[in-house]
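K.L.:
okay, here's the prediction I keep looking at, along with the sequence it came from:
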Amino acid sequence: NVAATGRSGVVLWGHRPEHVAALARERENRAALPGLPLAAGVAPSADLASVAAASVLLGVVPAQAMREVVRRLAPHVSPGAVFIICAKGIERGTRRFMSEVVAEELPQAQIAVLSGPSFAADVCRGLPTAVTLAAEDEELARRLCELLSTRSFRLYRSTDLRGVELGGAAKNVLAIAAGMAEGRALGASARAALIARGFAELMRLGKSFGVRQETLMGLSGLGDLVLTCGSAQSRNFALGAALASGEAPLAATHGKLAEGAFTAAALVEMARERGVEIPIAEAVDAILTGRIDVDQAIEALLMRPLKAEA
Ligand SMILES: NC(=O)C1=CN([C@@H]2O[C@H](COP(=O)(O)OP(=O)(O)OC[C@H]3O[C@@H](n4cnc5c(N)ncnc54)[C@H](OP(=O)(O)O)[C@@H]3O)[C@@H](O)[C@H]2O)C=CC1
Ligand SMILES: O=C(CO)COP(=O)(O)O
């Protein structure tokens, strides 16, 4: 809808023809965004070839599906087209960032990443927010920000692509921990402490990747961390709360996408490889894989040796 603000002919491709047909008929995604109509300029299509004329594509699929989707898209994407990654996650197994996945599968495209505090329902309602758009080429980032910004959806540009995607991926894992604290009624002070210590983990990890600290202090790092660690509207936060109330990891997502559940293991492995301590993310991964329970995780975090804050 944002892309179709003041514009027509925005193709919305989806992989399920029946879902695409329902979207075209009802002009609304009744399951995911009930009561929020599709913008008039959006044309749903199940035909991959319909993206061939596009000079800018937005990839809004689960991170673990990105490679498959981009591989299918590749024969239809024109050389020089821009592919904007909207997924927030790291590929399991390969531990590739989304920009690496897309570069491997879509070498003809220019890559950008869009990330920041932006619940789809809020954005669709026209509520104001600001996000970061990163591309290595600053001129491209500037052009895309101008193309896609609206009065209520403000894009700030960055050339720190890796920093932006790291912030978006890591905040989902940390939001699961915040949801657990909420589920166990640990209180507002604990939540604030968790956000601050989670942010310290993100900063340490970011340093090991050579990303800019300012990026992580910005919309796609701290901004999205505060949003998702503070709202039950977040599916990652809701997963944490469900785990804390005793639900099993597989059932606790309630069929919804919680990216942090897939990214946690990759994040922990990357941190270990770099000798970076990320105890909150590690606790989330250990709970998701059934190695410890929520009580043991809380106990372990509270019993960590006292040290300097940094
Ligand atoms: N929702 C939000 O508020 C925000 C989400 N994001 C990020 O965007 C990404 C997508 O999230 P969201 O849109 O909520 O997720 P959804 O679960 O709604 O999935 C998005 C779309 O991807 C489709 N899809 C799933 N698997 C595949 C596949 N293998 N091949 C092709 N299409 C597929 C889904 O179709 P179907 O379900 O019918 O299979 C759906 O149409 C995530 O990484 C998320 O972190 C970022 C900011 C905000
Ligand atoms: O990334 C998001 C908002 O910025 C959406 O968060 P969830 O995927 O946890 O719902």
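P.N.:
Thanks, I have it. Ligands and ions are numbered 1, 2, ... in the order given.

K.L.:
what helix or strand does V113 sit in?
P.N.:
V113 is part of strand 110-115 when elements are defined by DSSP states H and E.

K.L.:
pull up the pairing partners for that strand, direction included.
P.N.:
Strands adjacent to strand 110-115 in the sheet, as given by DSSP bridges, are strand 82-85 (parallel), strand 129-134 (antiparallel).

K.L.:
looking at those strands, which is closest to ligand 2?
P.N.:
strand 129-134 (8.0 Å; C-beta to the nearest ligand atom). In short, each C-beta sits where N, CA and C put it, glycine included.

K.L.:
I85 is in contact with A103, isn't it?
P.N.:
No: between I85 and A103 no contact is recorded; they are 10.4 Å apart, counting by C-beta atoms under 8 Å.

K.L.:
quick check: neighbours shared by those two?
P.N.:
Residues touching both I85 and A103 (C-beta atoms under 8 Å, 6 or more residues apart in numbering) are I111.

K.L.:
more crowded one of those two?
P.N.:
Comparing I85 with A103 by neighbour count (other C-beta atoms under 10 Å), the higher total belongs to I85, at 29 against 15.

K.L.:
chain center to whichever strand or helix holds A21, what's the gap?
P.N.:
Taking DSSP H and E as the criterion, the element that holds A21 is helix 17-26. Here the centre of helix 17-26 is set off from its chain's centre by 25 Å, with C-alpha atoms, centre = their mean, to the nearest Å.

K.L.:
ok, and what's touching it?
P.N.:
Contact with helix 17-26 is made by 12-14, 29-30, 38, 43-46, as judged by C-beta under 8 Å, 6+ apart.

K.L.:
three-state assignment of Y156?
P.N.:
Taking DSSP: H, G, I helix; E, B strand; the rest coil as the rule, one finds Y156 in the strand state.

K.L.:
grab the nearest non-local neighbour of it.
P.N.:
Of all residues beyond its chain neighbours, the one nearest Y156 is T132 (5.3 Å), with distances taken as C-beta to C-beta, 6 or more residues apart in numbering.

K.L.:
pull the CA atoms of the helix holding A21 into PDB?
P.N.:
Output of helix 17-26 as PDB, limited to C-alpha atoms (Å, rounded to 0.1, in the frame of the first residue of the first chain):
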ATOM      1  CA  PRO A  17      -3.100 -18.500  -6.700                       C
ATOM      2  CA  GLU A  18      -6.200 -18.900  -4.500                       C
ATOM      3  CA  HIS A  19      -5.000 -16.300  -2.000                       C
ATOM      4  CA  VAL A  20      -4.100 -13.900  -4.900                       C
ATOM      5  CA  ALA A  21      -7.600 -14.400  -6.400                       C
ATOM      6  CA  ALA A  22      -9.200 -13.700  -3.000                       C
ATOM      7  CA  LEU A  23      -7.100 -10.500  -2.700                       C
ATOM      8  CA  ALA A  24      -8.100  -9.300  -6.100                       C
ATOM      9  CA  ARG A  25     -11.800 -10.100  -5.400                       C
ATOM     10  CA  GLU A  26     -12.100  -8.800  -1.900                       C
END
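
K.L.:
quick one, helices of the stretch 51-200 of the chain?
P.N.:
Taking DSSP state H, counting those that start in this stretch, the helices of the stretch 51-200 of the chain run over residues 66-73, 98-105, 120-124, 138-148, 161-183, 188-209.

K.L.:
make a markdown table out of those and add mean pLDDT and distance to A3.
P.N.:
Formatted as a markdown table, the helices of the stretch 51-200 of the chain follow (pLDDT from 0 to 100; distance: least, C-beta to C-beta, whole Å):
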| stretch | mean pLDDT | distance to A3 |
| --- | --- | --- |
| helix 66-73 | 97 | 17 |
| helix 98-105 | 98 | 18 |
| helix 120-124 | 97 | 11 |
| helix 138-148 | 98 | 6 |
| helix 161-183 | 97 | 19 |
| helix 188-209 | 97 | 29 |
